[in-house]
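Novice: coordinates for the following, if possible.
(chains A and B)
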Amino acid sequence: MNADLIIALPEITLLTLACLVLLVDAFSKDPLHLLTYWTTQASLLVVLAMVLCYFPENPQIAFNGSFVSDSMSAILKAFMCGISFVVFLYSHEYLKEHKFLKGEYFVLGLFAVLGMMIMASAYSLLSVYLGLELLSLSLYAMVAMQRDSSAASEAAMKYFVLGAIASGMLLYGISMIYGLTGSLDLLTIAERINVDSANHMYLVYGMIFLIIGIAFKLGAAPFHMWVPDVYQGAPTSVTLFISTAPKLAAFAMAMRILVDGLMPLVNDWQSILAILAVLSMATGNIVAIAQTNIKRMLAYSTIAHVGFLFLGLIAGTTSGFSGSMFYIISYALMSMGAFGMVILLGRNGFEADMLDDFKGLSERSPWFAFVMLCIMFSMAGVPPFLGFWSKWFVLKELVASGFVELAAIAVLFSIIGAYYYLRIIKLMYFDKPNSMTAIKSSKQMRFVLSINGVLILALGLAPNALMSLCLVALAG
Amino acid sequence: MTLNSLPILSILIWTPIIGGIWALIAGDRQEQTVKYFSFAVSVITFIFSVILYCQFDPAYVGMQFVEETNWITAFDIKYHLGVDGIALPLIMLTSFTTILVILAAWEVIEKHISYYMCAFLILTGLMNGVFVALDAILFYVYWEAMLIPMFLIIGIWGGPNRVYATIKFFLYTFLGSVFMLVAFLYLYSVAGSFNIEALHNVPLTLTAQKFIFVAFFLAFAVKIPMWPVHTWLPDAHVEAPTGGSVILAAIMLKMGGYGFLRFSLPITPDGSDYFSGAMIVLSLIAIVYIGFVALVQEDMKKLIAYSSISHMGFVTLGFFIPFSIYAASNSTSGAIMGMEGAMMQMISHGFISAAMFLCVGVMYDRLHSRMIKDYGGVVNSMPTFAAFMMLFAMANAGLPGTSGFVGEFLVILSSYEASFWIAFTAAITLILGAAYTLWMYKRVVFGDVTKEAVAELKDVNGREAFILFLLAVVVLTFGIWPAPIFEVMHTSVEQLIEHVLQSKIL
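Specialist: Numbers count the residues shown, from 1 in each chain, chains lettered A, B, ... in the order given. Modelled structure (predicted):
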């Protein structure tokens, strides 16, 4: 039992610290909630340090096989903590400016991170579900937090209802699989699946419901309906949060269920994912062109990116999964920068969420226009930025597995996608600004956002380390 | 450290890039410093390319000045550079043109001079990178990264319709390139390497070669550009600032040609053979049909843009005629002549089109119009300029004694060995080229001065005269004495032809 607790120590610590933050906030009278904020950030750093200190050499299984700590989960957890740290930093700025700074925001945020970490380490369908619900419930509340905004309430309602349906689907799938294999433990499920048996069709039937749950969480078409509305309606800092760290958790969930649990059914889920991928890339890239709101545009861009993410899973090889992992980490970094820019431009209760707010940014702030340029070219997949390598990695594995046609379709859609990223650059560099108001924001926000932009360029010039990390994460 | 041990190719790539970043940091406030600094960087880069030329061994078969360092060890992607006789003249052309472009911007660019210099210097470094990369992925990175500065150049400093033109330019070239990337990835799955020289020797089935050829074709035909995927070029040329048009015409188009020589022909020789008939037909359509299109243009830049497409038709003709020549005569000498002619045409067109665009730029800076009808009788107010432009117009028409003649003549001569009718059709350009260039020249420069604005034009100043003089010297020198270029590329072309004419079907 002791050994089990050590394996789950980062999660246990985070839970304890989250409760501590809740208490601290309850007794704090500071309108800026500085103490809450700093304890939150400190908690994340402590957990990050613990994840790195207890980096598992080999997969370690705990709690009767329902929890695992392996290199994939450790790396994903480290990124979740790091990304959440930056997200909370931006959030604190944003909430302060928009005057609804509440301590609960950070507490809910920490519980969401805990949910993500459980998802990354879940080794049975029950713990997958547990982590997912902890994450989702925290996010629903965070979306609804801006009480006097009707858009936010609508978004929260939509998110909650559709999320509940997706959870239902997932549970139904879990019950099917449980009924057929007699286990919730992913490893046992993998052992007991017999492709040739008469149960094969029922297994696929259950699997489809599990895939629907995953597709909903990631926002893949045709289960993407909630994404644009929630991204647009939610306060920008919450959108920023939803679009970054939880994507890593959703990726982990897909890996655990499809690869660890249902690998014997790989031929079945490959073709289903291929359909989802093509639909997502088509819907995301084409519909994004018509958007005038940047949050909504980035929402559709997420859908398109999820399509690309699936391509690595479709490759069905370990290096293909590494490609997907690289893709989702790069995506989280780019998305963090993009929404960070939206937060940077908004001030005093004014949301800079229309495309036109980016007009002439190169005159107002050459440096941040450049940062946004890096992010946009990166999302479009133009070298030498990080986004190019993520697409490259996934495509390479796809071609290596023999899906050349699918790769050709994918690059075709990425050209369509390039158009709306170019449009942002056009607005920033080729158009005159609407107003010359200087951008005011705290030094730390500027600093972190600059690092974010430079990182996207630097990792594009030297992607080797991150690539090797992703390869190692899944090789062992 | 001796000159021999210098990583000269890396210097050619990184000097302008780092210089460009410095220019950007210095900012618009130190305008003069930025200008002189950028000029110095471009001259230094050119000096290094001259050193490269002097140390290059023309008799050596294979790549020289090779640099190889690990870049992405996870996938064995290397920072692998090298130069042969095909790349060397193009590198010289790139570094030389950069000097002209920077000089041409001197007083003309008023908005964000530091951004402008930065964009062009970085572009130069990336273009040099394209010509020396020996790793397919490294090549692709340079090839695509180049689009970013060009996109900004057209978009920020371009004409009224610049946004349309620059987005069209970007998406068109992006469309072509991504399929090349898929082809590289496929080749990697077969050969297990991104090393270009290794890819040259990997055997492939005919079906695979056909598909790969088409993927490469999309990338290079858009870039060069061939009819019918040329439509981005007139738009981009017309809207780009003078410097942008010069770089586009003088160097970017050559990358398409270079791509055919470095990738299409040696990696898919049988695929190229299979499609060579179609390629010849497309080239002839470009030469003749686009020549007619050029004839009716009213915008000078558009006219030169179409004339570029027509001239590039000769390049693709020269690249794909060797298969027919070899089939007809079974000797490689005609094939080598055709390909060398095409190479010569690329280099010469680089100088001539740059000169033509600079001439239009000189007039545009004074009158802010590119339309032929707004001029007439320019010779009366700008006699020196008229003399220079006369020379370049003649060179564009392919007059013997100018560099424009050499390449066209060799290609026509060699295609005669394949078929009389191909040579005949290609030769129509001698009439068409003269017609559209000289007719434009006549309407712009000669005749009575009917417009007041034209009468008040000031002749070229020292800086402009110097730029045009440099180009005039080069155009005449290579017209009379093209041997330096041929000497450098002969071994490489010979080796390429030998390689291409051998089947490598699996």
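Novice: who are the neighbours in contact with the spatially closest residue to B:Ile267 that is not a sequence neighbour?
Specialist: The spatial neighbour of B:Ile267 that comes closest, neighbours along the chain excluded (CB to CB, 6 or more residues apart in numbering or on different chains), is B:Leu199 at 5.3 Å. The way it works is simple: take the backbone N, C-alpha and C, and place the C-beta from them, glycine included. Applying CB atoms under 8 Å, 6 or more residues apart in numbering or on different chains, we find B:Leu199 in contact with B:136, B:187, B:191, B:193, B:267.
Novice: wouldn't the fourth one be in contact with B:Ile77 here?
Specialist: So the one you mean is B:Ser193. No - taking CB atoms under 8 Å as the contact criterion, B:Ser193 and B:Ile77 are not neighbours in contact, 9.6 Å apart.
Novice: more neighbours: which of the two?
Specialist: When B:Ser193 is set against B:Ile77 and neighbours are counted by other CB atoms under 10 Å in any protein chain shown, the residue ahead is B:Ile77, at 23 against 17.
Novice: neighbours of A:Lys359, how many?
Specialist: As a burial measure, the neighbour count of A:Lys359 was computed by other CB under 10 Å and equals 19.
Novice: how close does A:Thr239 get to A:Gln291?
Specialist: Distance from A:Thr239 to A:Gln291, counting by CB to CB, to the nearest Å: 14 Å.
Novice: tell me where the model's unsure across chain B.
Specialist: Counting by pLDDT under 70, the low-confidence segments of chain B come to B:1-4.
Novice: just give me the longest helix of chain A.
Specialist: Assignment by DSSP state H gives helix A:150-181 as the longest helix of chain A.
Novice: could you pull out the buried residues of that helix?
Specialist: When burial is assessed from 16 or more other CB atoms under 10 Å in any protein chain shown, helix A:150-181 yields the following buried residues: A:152-156, A:158-160, A:162-163, A:166-167, A:169-174, A:176-177, A:180-181.
Novice: for the closest residue to A:Lys426 other than its chain neighbours, give me its contacts.
Specialist: What sits nearest to A:Lys426 in space, not counting adjacent residues and going by CB to CB, 6+ apart, is B:Val163, at 5.7 Å. Taking CB under 8 Å, 6+ apart, we find B:Val163 in contact with A:426, A:430, B:155.
Novice: what are the boundaries of the strands in the stretch 51-200 of chain B?
Specialist: B:64-72, B:77-83 (DSSP state E, counting those that start in this stretch).
Novice: up against chain B, what does chain A have?
Specialist: A:377, A:382-384, A:388, A:392, A:395-396, A:399-400, A:404, A:407-408, A:411-412, A:414-415, A:418-419, A:422-423, A:425-426, A:429-430, A:462-464, A:467-468, A:471 (CB under 8 Å from any CB of the partner chain).
Novice: just the buried subset of the residues you listed, please.
Specialist: The neighbour-count test (16+ other CB under 10 Å) marks A:377, A:382-384, A:388, A:392, A:395-396, A:399-400, A:404, A:407-408, A:411-412, A:414-415, A:418-419, A:422-423, A:425-426, A:429-430, A:463-464, A:467-468, A:471 as buried among the residues of chain A next to chain B.
Novice: if I look at A:Ala369, how far off is A:Asp431?
Specialist: A:Ala369 sits 11 Å away from A:Asp431, taking CB to CB as the criterion.
Novice: give me the more crowded residue out of these two.
Specialist: The neighbour count for A:Ala369 versus A:Asp431, taken as other CB under 10 Å, is higher for A:Ala369 (20 against 17).
Novice: for B:Val83, list each beta-bridge partner.
Specialist: Beta-bridge pairing for B:Val83 (DSSP bridges): B:Gln64.
Novice: any idea how far it lies from B:Gly129?
Specialist: B:Val83 sits 12 Å away from B:Gly129, going by CB to CB.
Novice: one more: B:Ile8?
Specialist: Using CB to CB, we find B:Ile8 at a distance of 13 Å from B:Gly129.
Novice: again with A:Lys359
Specialist: 33 Å.
Novice: how about B:Ile372?
Specialist: In this structure, B:Ile372 lies at 38 Å from B:Gly129, with CB to CB as the measure.
Novice: farthest-separated two in the contacts of B:Leu199?
Specialist: Pairwise distances among the contacts of B:Leu199 were taken by CB to CB; the largest, 12.3 Å, belongs to B:Ser193 and B:Ile267.
Novice: now do the buried residues in the helix or strand of chain A with the lowest mean pLDDT.
Specialist: Among the secondary structure pieces of chain A, namely its helices and strands, helix A:2-7 has the lowest mean (mean pLDDT, DSSP states H and E), a mean of 82. Applying a neighbour-count criterion of 16+ other CB under 10 Å, one finds A:Ile7 buried in helix A:2-7.
Novice: can you check stretch B:420-429 too?
Specialist: Applying a neighbour-count criterion of 16+ other CB under 10 Å, one finds B:422-423, B:425-427, B:429 buried in stretch B:420-429.
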